[in-house]
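# Sharing a sequence plus its predicted fold:
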Amino acid sequence: MANNGSPSSAILYQNVDRTIVLLDIPKSISLAQGTLDYACTDKIYSSPPLEAPYPSTEPKSAKAKANILGTKVLIDSDLEFPTILLYQALEEIDHHWRGGWCLMRKISPFVTAGRSKKRKLLEAEDLSPSLHVGIAGPDLPKPLPVLSCSGAENPAVPPRNVEPNLGVSEEFSSPRKLSDPSTLPVNLTSAIHVCSNIRQFINRLVNNSCVTSVSLVHGGTSFRIPPNASFFMSKVTETTALIFSMGALTMYPSPSATAGSGQFDFILLDPPWRNRSAKRSAKYDTMCDMDPVALLQSLLGQHIAQDGLIACWITNNPRVRAAALEAFAAWEVQLIEEWAWLKTTVLGVPVTHIEGVWRQPFEILLLGKRVNEVGVHRQNPKKRVIVAVPDYHSRKPNLKGLIEPMLPARYRALEIFGRYVSAGWWVWGDEVLKYNWEGHWSKESEY
């Protein structure tokens with residue numbers, strides 16, 4: 001029997017074999033902040049759900065389309081995600097699901113008025129109060145300038161309605177900084193942890209060993225660290241990778257039932273691939289001059305448990321797919337599944353044409369498994385379709401609720417290039433606390 005969702009789930013609809021899922025993105029993120037014993041009842045602020053598809057950018061004639069296709073690098077048809085499965089997913093959900101294709105949202109107080117057409121198309125996520133005019137509700141404070149943790153000290157106490165810019169500057173990746181004793185791991189053991197400067201946690205593994213959330217407080221700024229969660233706030237480089245490895249071995253010195261010392265049962269990658277149609281803000285640059293996964297090829301192999309899973313978001317660029325699969329091979333990981341996140345409006349209409357030339361309304365997640373010999377007993381990867389109304393354009397569905405049925409009971413999980421911390425998981429990247437800032441959350445009492 002198909003699952004039509006429950007109040008405690010972000011899954012609105014799921015078929016029997018779990019190959020078609022209708023998911024609510026904001027709720028998937030909120031649920032991942034808590035545990036069964038200590039649930040998160042607050043809601044993350046979101047962008048308004050799309051009510052109509054984006055304006056078409058498709059070529060207006062067959063000749064123009066042919067000219068464009070002639071300049072594109074085509075992927076082998078055997079490797080493409082079958083678009084027929086996307087159409088079938090839409091048809092099945094439409095047949096079984098009654099209602100909007102997402103839940104009610106708490107709209108961010110920083111969503112801008114008078115956005116340009118380009119801005120509306122991108123649904124850019126970094127709507128910093130210092131750069132945009134906010135649409136304030138009756139009880140919402142007016143936006144103020146953003147504080148930066150990568151620049152000079154600000155002597156003033158930061159106001160509570162100001163989003164701190166926690167981007168890690170290049171100076172924190174210097175050999176001198178990385179050899180400093182202050183890079184040793186930090187363990188949070190109290191409900192409120194007051195610090196003199198959030199920047200003191202850059203290039204350090206920070207662990208919340210409590211079964212409840214911890215508030216990391218600096219002046220008037222607070223970040224919620226979920227239960228049993230860890231974060232490593234740094235740029236992903238070969239040098240910081242060494243510190244990360246030492247931290248993993250410090251936290252996990254002994255093997256678990258399914259993973260070795262310093263190893264994880266699941267690793268999720270959301271690399272900042274270079275992509276003309278998915279530009280990120282300057283706060284989280286795409287790695288234009290290098291392959292972001294190549295930087296990790298010599299590192300991750302030692303941190304993936306035998307029979308462990310690794311997932312990687314890719315763009316629809318064939319070169320990106322090839323780079324990800326090359327990394328899989330280096331890690332002795334065999335592709336076992338391929339998931340497509342299909343983006344729709346609240347009425348279930350794809351945000352762009354499914355077979356569009358310039359823009360396609362879906363992103364691909366490659367899911368692999370660590371095996372002894374890559375290629376042995378290889379089978380065609382299983383296909384799944386996740387349908388979800390997009391939120392801010394780079395905020396993907398939280399996969400915790402979808403991947404957990406495939407993991408051991410007491411698993412270890414790591415996300416790389418993440419922008420928030422989830423309960424029980426590790427996250428590594430230079431904006432790991434972005435959406436853990438209290439200003440991105442609406443308290444339960446405010447509903």
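On my side now, so go ahead.
# just checking, what packs against whichever strand or helix holds residue 368?
Using DSSP states H and E, residue 368 sits within strand 362-370. Where contact means 3 or more Cβ pairs under 8 Å, 6 or more residues apart in numbering; DSSP states H and E, strand 362-370 is packed against strand 304-314, helix 318-330, strand 333-343. Bear in mind the C-beta positions are built from the backbone N, C-alpha and C, glycine included.
# any idea how far the longest one is from the chain center?
Translated: helix 318-330. Relative to its parent chain, helix 318-330 has a centroid offset of 19 Å by Cα atoms, centre = their mean, to the nearest Å.
# And for the strand holding residue 368, what's in contact with it?
81, 86, 304-316, 321, 324-325, 328, 331-343, 354, 381, 396, 399 (Cβ atoms under 8 Å, 6 or more residues apart in numbering).
# Then stretch 185-196?
So stretch 185-196 is contacted by 201, 204-210, 212-218, 225, 247, 250-251 (Cβ under 8 Å, 6+ apart).
# In strands, which of the residues you listed fall?
Counted as lying in strands by DSSP state E, out of those, are 205-208, 214-218, 225.
# Just give me the closest of those residues to residue 263.
residue 205 (15.4 Å; Cβ to Cβ).
# Just the local confidence number for the nearest residue to the closest one once chain neighbours are set aside, please.
Once flanking residues are discounted, residue 205 sits nearest to residue 247: 3.4 Å by Cβ to Cβ, 6 or more residues apart in numbering. Residue 247 carries a pLDDT value of 91.
# how near is residue 247 to residue 320?
29 Å (Cβ to Cβ, to the nearest Å).
# Then residue 103?
Relative to residue 320, and taking Cβ to Cβ, residue 103 is found at 31 Å.
# Comparing the two, which residue is more hemmed in?
Per other Cβ atoms under 10 Å, whichever of residue 103 and residue 320 has more neighbours is residue 320, with 21 against 18.
# Surely that one touches residue 273?
Yes: at 5.1 Å, residue 320 counts as touching residue 273 under the criterion of Cβ atoms under 8 Å.
# about what we covered before: quick check on the contacts of stretch 185-196: which are buried?
When these are checked for burial by 16 or more other Cβ atoms under 10 Å, the buried set is 201, 204-208, 210, 213-214, 216, 218, 225, 247, 251.
# Columns distance to residue 11 on top of the residues you listed, output as CSV?
Rendered in CSV, the data for these read as follows (distance: Cβ to Cβ, whole Å):
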residue, distance to residue 11
201, 34
204, 36
205, 32
206, 31
207, 30
208, 27
210, 28
213, 24
214, 28
216, 30
218, 36
225, 26
247, 33
251, 31
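# Of all pairs in the residues you listed, which one spans the longest distance?
218 and 251 (23.9 Å).
# now residue 265, what's its secondary structure?
What DSSP: H, G, I helix; E, B strand; the rest coil gives for residue 265 is strand.
# and the gap between it and residue 12?
Separation of residue 265 from residue 12 (Cβ to Cβ): 27 Å.
# Residue 23 now?
Counting by Cβ to Cβ, the gap from residue 23 to residue 12 is 7 Å.
# averaged over its residues, what pLDDT does stretch 419-432 have?
Here the average pLDDT along stretch 419-432 is 96.
# contacts for stretch 432-447?
The contact list for stretch 432-447, computed with Cβ under 8 Å, 6+ apart, reads 29, 41-45, 106, 108, 160-164, 166, 198, 215-216, 221-226, 231-233, 395, 418-421.
# Give the buried residues for that stretch.
Using 16+ other Cβ under 10 Å as the burial criterion, the residues of stretch 432-447 that qualify are 432-442.
# Which members of the residues you listed are positioned in strands?
Mapping the buried residues of stretch 432-447 onto strands (DSSP E) picks out 441-442.
# What segments of the stretch 151-300 of the chain are strands?
All strands of the stretch 151-300 of the chain, identified by DSSP state E, counting those that start in this stretch, fall at 186-188, 192-194, 205-208, 214-218, 221-225, 230-233, 264-269.
# Residue 426 reaches residue 226, doesn't it?
No: using Cβ under 8 Å, residue 426 is not in contact with residue 226, being 11.4 Å away.
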